[in-house]
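Trainee: Return a 3D structure for these sequence lines:
(2 chains)
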Amino acid sequence: MAVAVEMLNISKFFPGVVANDNVSLSVGEGEILGLIGENGAGKSTMMNMLYGMMEPDLGVIKLFGKEVRIQSPNMAIKLGIGMVHQHFMLMPNLSVLQNIILGKAPTKKGLIDTKEAKEKIREIMDTYDLPVDLDEKVYQLSVGEKQRVEIIKALYREAKVLILDEPTAVLTPTETDKLLDVLRLLKSKGCAIIFITHKLREVMAITDKIVVMRKGLVTGSLDTSEANTEGLSDMMVGRKVNLEIDRKPYQPGEDVLEVKDIHALNQRGLPALNGVSFHVSRGEVVGIAGVEGNGQTELIEAVSGMLKPTGGQIIFKGQDVTARNVRQRRESGMSHIPEDRLKMGSAVNCTIRDNLILNRYYQKPYCKSGILDNKKLHALSEELCKNFDVKTPDSDYKLGTLSGGNMQKVIFAREMEADPDLLIAAQPTRGVDIGAIESIHHKIIEVRDSNRGVLLVSAELDEILSLSDRILVMYEGEIMAEFKRGEADERTIAVYMTGAKRQGGDDDEK
Amino acid sequence: MKNKDNNRILSAVGVVGKQVGLIVIALILATIFLAVSGYEPLAIVNGIFEGLTLDIAGTIRWATPLILAGLAICVTYKAEVFNLGVDGQLYMGAAAATAVAVNIPKSMNHVAALVLVFLAAMAAGALFAMIPALMKVYLNTNEVVSTLLLNFIAALYVEYLVTGPLRDPEAGTNLNASAILNENTWLPRISYFEPSSANIGFYIAIIVMLVLAFVFFRTAFGHEIKVVGSNPVLAKYSGMKPKKTILQVMAMSGAIAGIVGAVEVTAVQHRLLAGFNPDFGFDGIVVSLLANNNPIGVLFSGIFFGALKNGGINMERITDVPSAVTDIVTAIIFITISAKFVLPRLKRKAAGKKQASEGGK
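Mentor: A predicted model of the protein is given here:
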């Protein structure tokens, strides 16, 4: 088994930060390397250097024993390196086929030879069990399918080294299992794979070797057979991690939110919510489980005021708020952590401070007759950065300079600062590392324990199970089942998630 | 903290340096063009130099509308809205200013008359900008197209006015213009620069610039413009009203464009002339771009383009170099700024090397 990639003594400096300090790693043909670490640990920087997006300041990269200087992603692709980014690099309005052959189309007499291209891609799809409809437009695909397209794209360009940047962060449990199968298949065909993640279960399940990074340094490099999850998470975080959270006994108070028979349409004008009713009391976490795209997004938008329901009522703290706008709902004590922190929750081109003050910038004492008190706003944002452990030297830096986990902390800080009676948290830990998950989970339970309500939506069943006092299962815009904490396990819930069963409907489960 | 301030100053110097670099490149290319075409090679550089020294009055005359047009552009640009209709809005402003001015009695107080005229111009510009703004907000029309096309309507409307309802009855057959306005509606010229038509519109431009800078950097509304411009979904999610913000910035932009029209009519021409506007609106785009859409920067880039325009006109008068050459300089600057990706890339390379050598120590 030959060594495919060696990155030796790599260092990379950014103004004021050492992103990588003397980091070495190697991966052989037919081997899967797990690269793990918290957000901002320097994993992505390492991979960006391997993929030619930037060059190391010190150290060498060797490919199949030969020293190389990779100056651009184009060069990386030519050298046989493929990368599947966390945020997909696809053209939504082009077909799958067009996306795959983009820039490398087989031609016949100057025209694109679609037949040959299709044949070649079919072969890849069959070999690696990656079925996708080639003629469909990319925007019509599910997240899992988009990812498959990315992998096919890399293989079509004859990648021998495949980098996957947090590939499972956006996948459902079944899709994740499928992806892991594909990776095993690729491995058996001699592909070298670097798998970036912070889900330790997956690392343990699929990798051969593990490199753990923290603050730009390698804190552990070992064979998977010698590793255990606790040891790994300690290496990642640099201290003991505690995901078991103590909580006060369940004593729900008055209702803070009541949703009555809500109907709503999605962006394409199709029914997304078909009569959803439930309530959230003070002192409880209500978790909404379900496969993504079953109306959770629309439900949250309807509750927070971004989407106008076509029917039904939303009662917040005893008042009908159905007709009220977002700002009025926020001012009356509703906070919302959105599921997509880049598209909805933040502005990466603005400063951290600009992002932190969104609930306050127009209010006294931060603003008097329309004029901002920049000193007070700065003090506020500095304090929030400190209290919520946002790692930045100053809140005047652009938000885009932060890692995903730190961005999420900024959003969390902003929403918690408003001192909400109801916290709507959608995918609060998507794409963030264990250390951040720990602190976010603690904060959510803190909200609950201080006699306020939490509406939690998550694609991670683990998260729903460990945090919720009550669990609602959504399928195609309807609530299929409701469980109390401890009443149901992952498997029972999964049955309702797929719509195979319905409580009180065709059986008498309750 | 001190370090941070230093960084800020450094980055500000860097931005300014980059823009000055662009200007130098453009001037060198234009000089080469002149040399190749057999004209006096240094004509344009001399022209600008003269504009900034001996003939500062002419520079200020041209800088005034350019600064205002640049400010009109930069307001909307901050909110990621592209108002290519400044020309149309300033025509409407000029028309409204004239319509009000010819109806103002001679006896009216000078200041009051001017205030009325300018308010009318601002309202007309803002209202005319509302057409594409409302279409964008409620019908999702691309404002680049709608604002651009409305320019023709406004220009032709002014032509109709000065050949019809507002035409000076005593004018010769060839002149399409309104009657000369009463003197109490004239915006005073700067006496120091007499007999040039440099006027106190320049001070108005500075005031508008200061107001905008204050709005952008110090007010809640400025924060809203920034957030709407960088992520409208975030704006909606956090409870702002992006549609309202877009209407507001378009109204502001139209009002500023209206001021340009009023200044040209009341201070320079003293009457409404068909086609009096040499595309100030489009030049405003370059003015704003060169200033990185920063209102304070617009002041300086407006003065630069004023000197360029003035220099070009002087150049044509003295030498046989056509003043259109200045358009070439403008075009080169425009293209160079648009090619934004080149400089950051070179800079990144240089920075990488520098850090590598520092890291090696």
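Trainee: Skipping its backbone neighbours, what lies nearest A:P92 in space?
Mentor: Of all residues not flanking A:P92 in the chain, A:Y139 sits nearest, at 3.8 Å (CB to CB, 6 or more residues apart in numbering or on different chains). All C-beta atoms are positioned from the backbone trio N, CA, C, and that covers glycine.
Trainee: The one you found: neighbour count?
Mentor: 11 (other CB atoms under 10 Å in any protein chain shown).
Trainee: What about B:V287, how many residues nearby?
Mentor: Neighbours around B:V287, by other CB under 10 Å: 32.
Trainee: what does A:N93 give?
Mentor: By the criterion of other CB under 10 Å, A:N93 has 10 neighbours.
Trainee: any idea which element A:L222 lies in?
Mentor: strand A:217-223 (DSSP states H and E).
Trainee: is any part of that strand close to chain B?
Mentor: No - applying CB under 8 Å from any CB of the partner chain, one finds strand A:217-223 separated from chain B by no less than 15.3 Å.
Trainee: Write out the residues of chain A neighbouring chain B.
Mentor: So chain A meets chain B at A:11, A:13, A:54-55, A:57-58, A:304, A:306, A:325-331, A:336, A:338, A:343-350, A:354, A:357-359, A:361-362, A:367, A:370-372, A:374, A:393-394, A:396 (CB under 8 Å from any CB).
Trainee: re the thing from before, and the residue nearest to A:P92, how far is that from A:I100?
Mentor: Distance of A:Y139 to A:I100, computed by CB to CB, to the nearest Å: 15 Å.
Trainee: Next: B:E224.
Mentor: Counting by CB to CB, the gap from B:E224 to A:I100 is 42 Å.
Trainee: Between these two, point out the one with more neighbours.
Mentor: Between B:E224 and A:I100, A:I100 has the larger neighbour count (other CB under 10 Å), namely 27 against 23.
Trainee: Can you tell me what sits against the helix or strand encompassing B:F221?
Mentor: If you go by DSSP H and E, B:F221 is part of helix B:220-230. Here helix B:220-230 makes contact (CB atoms under 8 Å, 6 or more residues apart in numbering or on different chains) with A:347-350, A:354, A:357-358, A:361-362, A:367, A:370-372, B:75, B:77-80, B:215-216, B:234-235, B:238, B:240, B:242, B:245-246, B:248-249.
Trainee: Just the ones in helices from those, please.
Mentor: Residues of the contacts of helix B:220-230 located in helices (DSSP state H): A:354, B:75, B:77-78, B:215-216, B:234-235, B:242, B:245-246, B:248-249.
Trainee: Please produce TSV containing those residues, extended by pLDDT.
Mentor: Formatted as TSV, the ones in helices among the contacts of helix B:220-230 follow (pLDDT from 0 to 100):
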residue	pLDDT
A:D354	92
B:V75	94
B:Y77	91
B:K78	90
B:V215	94
B:F216	93
B:L234	94
B:A235	94
B:P242	93
B:T245	95
B:I246	95
B:Q248	96
B:V249	96
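Trainee: rewinding a little: now a ChimeraX select for only the buried ones of the contacts of helix B:220-230.
Mentor: Remark: buried members of those, expressed as a ChimeraX selection using 16 or more other CB atoms under 10 Å in any protein chain shown:
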select /A:347,348,350,354,357,358,361,362,367,372 /B:75,77,78,79,215,216,234,235,238,240,242,245,246,248,249
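Trainee: Strand A:217-223 and the helix or strand containing A:G231, what's the angle between them?
Mentor: Per DSSP H and E: A:G231 is located in helix A:229-237. Here the directions of helix A:229-237 and strand A:217-223 differ by 160 degrees (axes from the mean of the first three to the mean of the last three CA atoms, to 10 degrees).
Trainee: Give me the next element, helix or strand, following helix A:229-237.
Mentor: Criterion used, DSSP H and E; the element after helix A:229-237 is strand A:255-265.
Trainee: so what strands line up beside the following helix or strand past that next one?
Mentor: Sequence-wise, the next helix or strand downstream of strand A:255-265 (DSSP H and E) is strand A:271-281. Paired strands of strand A:271-281, with direction, are strand A:255-265 (antiparallel) (DSSP bridges).
Trainee: what about the partner strand, distance to the chain center?
Mentor: 27 Å (CA atoms, centre = their mean, to the nearest Å).
Trainee: Now for A:S277, how many residues are close by?
Mentor: Neighbours of A:S277 under the rule other CB under 10 Å: 13.
Trainee: Below-threshold pLDDT in chain B: ranges please.
Mentor: Applying pLDDT under 70 to chain B flags the ranges B:1-8, B:10-11, B:173, B:339-361.
Trainee: Tell me the residues of the stretch 101-250 of chain B that contact chain A?
Mentor: So far as CB under 8 Å from any CB goes, the stretch 101-250 of chain B lies against chain A at B:218-223, B:226-227, B:230-231, B:233-234, B:236-240.
Trainee: Any of the residues you listed buried? List them.
Mentor: For these, a neighbour count by 16+ other CB under 10 Å gives the buried set as B:218-223, B:226-227, B:230-231, B:233-234, B:236-240.
Trainee: quick revisit: would you turn the ones in helices among the contacts of helix B:220-230 into TSV with distance to A:S44?
Mentor: Shown next, in TSV, are the ones in helices among the contacts of helix B:220-230 (distance: CB to CB, whole Å):
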residue	distance to A:S44
A:D354	24
B:V75	37
B:Y77	32
B:K78	31
B:V215	38
B:F216	34
B:L234	23
B:A235	28
B:P242	32
B:T245	34
B:I246	35
B:Q248	39
B:V249	36
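Trainee: Number of residues surrounding B:V16?
Mentor: 14.
Trainee: quick one, what contacts it?
Mentor: Taking CB under 8 Å, 6+ apart, one finds B:G297 in contact with B:V16.
Trainee: Now do the buried residues in the host helix or strand of it.
Mentor: For B:V16, the element it lies in under DSSP H and E is helix B:2-36. For helix B:2-36, burial by neighbour count (16+ other CB under 10 Å) applies to B:19, B:22-23, B:26-27, B:29-31, B:33-34.
Trainee: A:I193: what secondary structure?
Mentor: At A:I193, secondary structure determined by DSSP: H, G, I helix; E, B strand; the rest coil is strand.
Trainee: shouldn't it be in contact with A:G28?
Mentor: No - applying CB atoms under 8 Å, one finds A:I193 not in contact with A:G28, separated by 10.4 Å.
Trainee: out of these two, which sits in the busier spot?
Mentor: A:I193 (24 against 17).
Trainee: Distance-wise, check the more buried one relative to A:A154.
Mentor: Following CB to CB, the distance that separates A:I193 from A:A154 is 11 Å.
Trainee: overlap in contacts of those two?
Mentor: If you check A:I193 and A:A154 against CB under 8 Å, 6+ apart, the residues they both contact are A:L162.
Trainee: Can you give me the domain boundaries for chain A?
Mentor: Recorded structural domains for chain A (assignment: automatic domain parsing) are A:1-80+A:160-239, A:91-158, A:256-497.
Trainee: what does stretch A:461-472 contact?
Mentor: A:173, A:243, A:245, A:250, A:252, A:278, A:284-289, A:429, A:441, A:444-445, A:448, A:454, A:456, A:458, A:479, A:481-485, A:487-490, A:493-494.
Trainee: now do the same end-to-end measure for that stretch.
Mentor: End-to-end distance for stretch A:461-472, by CA to CA, to the nearest Å: 12 Å.
Trainee: Stretch B:236-248 now?
Mentor: Per CA to CA, stretch B:236-248 runs 16 Å from first to last residue.
Trainee: starting at the chain centroid, how far to it?
Mentor: That offset, for stretch B:236-248, works out to 26 Å (CA atoms, centre = their mean).
Trainee: List the contacts of that stretch.
Mentor: A:304, A:306, A:325-331, A:336, A:338, A:344-345, A:358-359, B:79, B:81, B:130, B:133-134, B:136-137, B:221, B:224-225, B:227-228, B:232, B:235.
Trainee: Look at the residue of the stretch 51-200 of chain A found nearest chain B and report its pLDDT.
Mentor: Shortest the stretch 51-200 of chain A-to-chain B distance, computed as CB to the nearest CB: residue-wise this is A:D57, at 4.2 Å. pLDDT recorded at A:D57 is 91.
Trainee: Alright, that wraps it up for me.
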